[in-house]
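In: Model the following, please.
(chains A and B)
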Amino acid sequence: MVYIQSIVKGIRDFLAETGQLAFFAGRFFKEVLKPPYEFRELLRQCYQMGNRSLMLVLVTGFIIGLVLTLQSRPTLIEFGAESWMPNMVGISIVREIGPVITALICAGRIASGIGAELGSMRVTEQIDAMEVSGTNPFKYLVVTRVLATTLMLPLLVIFGDIIALYGSALIEFLKGGMSFQLYFNKVFDALSFGDFIPATTKSFFFGFVIGLVGCYKGYYCKKGTAGVGKAANTAVVMASLLVFFVDFMAVFISDIFYEL
Amino acid sequence: MEPKIKHSSPVVPPGGRKEMIRIRDLHKRFGDNHVLKGFSLTLHEGESLVVMGKSGSGKSVMIKCLVGLMEPDEGSVEVLGKEISTLGQSELDELRSDIGFLFQGSALYDSMTVRENLEFPMRRHAQKLGLGKDTLPFVLEALENVGLAHAIDLMPVELSGGMKRRVALARALILKPKLIFYDEPTSGLDPITSKEIIELMRSIQRKYGTSSLIITHDVDCARVISERILLLVEGINYAEGTYLELSGSSDPKIEAFFKK
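Out: This is a model prediction of the structure:
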């Protein structure tokens, strides 16, 4: 009986959380179009989220490129398909691995950062102080951050993809003697706009959910330092899950277009 | 419940000073917790009114209802002749430019310098106040009032608790408000710094003639700063009078506040 009650409570909490997040997203769309626009804060957030995440994304992307190539090589050699390596790595990185890995890194770094920052501002009454001073804190804090993550994530994905391909090219050069020029020629031969556009489009959505979840968790943070920690932690978990969900939806929808 | 003690001397000349705040029969519940149970209050122009009560008695809830950070469940809250619950967001923001709020923990914006903290409330109201683009003279004047002009470029993390409170006070004063609300202005400060803050509050009161509503359980603060004291017990007005009247009372509940 207790077991069933806890399941029911879990479902109820999940539905309530989903509803609140949807309401929060609705408020974002309502506020984003209304003046005044906080351009300075938006630029500051773009710098914070883009520039400061870049190194992490580049290092991770490079390592992913190295590892993917190293692990795929023996199998491709076994089938005599070594020359297909750039095509395979190029398509898998641009279509799927690049956007998802970058989004997960950003979910860990950015969503937790936003959750902790806004949570701390909530418990120390900084958000209340902002409201009392006549500034709309939702517009100043939430809209700018969500827009910044939405705009910056596709850029980070592009940088991550390029560096991952360089990592892969380096392994092919060292192990198979393939020149960088040949490697990239093969990659670009294999790729089409049909690979690039859905991947970039879904990166915008990844950025949106990461920013939205981080802001939602921080903005409604409960009192106390424990609340701030919880906001940061749950922001990462929820943002990561939503990244996978959005990825599934994006692949599902783009698959329909491919069939057409 | 009627207050047990009413001020016998005409601390507030009836008809002499206009009403700045008028709260009538204020109720606020959080789930089953009925925090405010019909609280009433009037603050006159230029007056210093102290509201005292135990922790959890609803003092901070009451002050948050006054600035529209919380909505009352029942009752009327009028500030500067305007009923808070009937105001739209822009009207509320407009009204808030006439209110300074010193938060319990200072609530300085962590990511901004002292100067940016003080400039923040001016962003929305610069036009109304006839302020040009150069806000520095106003920031310096506010900081000089609290003796911290030298700290203009420091970050909040570089300030002591007392300095933070002073900067927060300067920020509350920057728009030259008609009303100032102090939420536990001396909490968390050592006795010497508390005295300095109280003196600062008095000098500001003298200099600008603002009406002040002070929430505290610091008896020394109440003694020095108050013209009138209102005791809030279990969510309702329990007693009202001057410091001398209340501190001389033999009522055990009133005595509990004033005995050292």
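In: show me where the stretch 151-260 of chain B has helices.
Out: For the stretch 151-260 of chain B, the helices defined by DSSP state H, counting those that start in this stretch occupy B:161-173, B:191-208, B:219-225, B:243-247, B:252-258.
In: which strands and helices sit next to the longest one?
Out: The reference is to helix B:191-208. Judged by 3 or more Cβ pairs under 8 Å, 6 or more residues apart in numbering or on different chains; DSSP states H and E, helix B:191-208 is in contact with helix B:161-173, strand B:211-216, helix B:219-225. C-beta coordinates here come from the backbone N, C-alpha and C atoms, glycine included.
In: What are the contacting residues of the second one?
Out: When you say that, I think you mean strand B:211-216. Strand B:211-216 is contacted from outside by B:20-21, B:43-53, B:59-60, B:62-63, B:66, B:178-187, B:201, B:205, B:221-222, B:225-226, using Cβ atoms under 8 Å, 6 or more residues apart in numbering or on different chains.
In: thinking again about what came up before, and among the helices of the stretch 151-260 of chain B, the most buried is which?
Out: Stretch with highest mean neighbour count among these: helix B:161-173 (a mean of 24; mean count of other Cβ atoms under 10 Å in any protein chain shown).
In: Helix B:191-208 and that one, what's the angle between them?
Out: Helix B:161-173 runs at 20 degrees relative to helix B:191-208, counting by axes from the mean of the first three to the mean of the last three Cα atoms, to 10 degrees.
In: worst-scoring helix or strand of chain B, pLDDT-wise?
Out: Least confident helix or strand of chain B, by mean pLDDT, DSSP states H and E, is helix B:122-125 with a mean of 78.
In: Is any residue of it near chain A?
Out: Yes - residues of helix B:122-125 contacting chain A under Cβ under 8 Å from any Cβ of the partner chain: B:123, B:124, B:125.
In: Contacts for that helix next, please.
Out: A:133, A:134, A:135, B:93, B:97, B:129, B:131, B:135, B:138, B:174, B:175.
In: ok, 10 Å please
Out: Contacts with helix B:122-125, where a contact means Cβ atoms under 10 Å, 6 or more residues apart in numbering or on different chains, come from A:36, A:38, A:40, A:133-136, A:140, B:93-94, B:96-98, B:129, B:131, B:135, B:138-139, B:142, B:171, B:174-175.
In: after it comes which helix or strand?
Out: The helix or strand immediately downstream of helix B:122-125 is helix B:136-145, counting by DSSP states H and E.
In: pLDDT on that following helix, on average?
Out: In this model, helix B:136-145 has an average pLDDT of 89.
In: Now do it against helix B:161-173, angle only.
Out: Using the same axes, to 10 degrees: helix B:136-145 against helix B:161-173 is 130 degrees.
In: for helix B:136-145, packing partners?
Out: Helix B:136-145 sits against helix B:114-119, helix B:122-125, helix B:161-173, helix B:191-208, with contacts defined as 3 or more Cβ pairs under 10 Å, 6 or more residues apart in numbering or on different chains; DSSP states H and E.
In: so the closest residue to residue A:244 other than its chain neighbours, which of the three states?
Out: Spatial nearest neighbour of residue A:244, excluding adjacent residues (Cβ to Cβ, 6 or more residues apart in numbering or on different chains): residue A:100 at 7.7 Å. Residue A:100 falls in the helix class when you classify it by DSSP: H, G, I helix; E, B strand; the rest coil.
In: my read: residue B:240 touches residue B:228, true?
Out: Yes - the pair residue B:240 and residue B:228 passes the contact test of Cβ atoms under 10 Å, sitting 6.9 Å apart.
In: how many neighbours does residue 110 have?
Out: Chain wasn't specified; assuming chain A. By other Cβ atoms under 10 Å in any protein chain shown, 30 other residues sit near residue A:110.
In: The intended chain is chain B.
Out: Neighbours of residue B:110 (other Cβ under 10 Å): 14.
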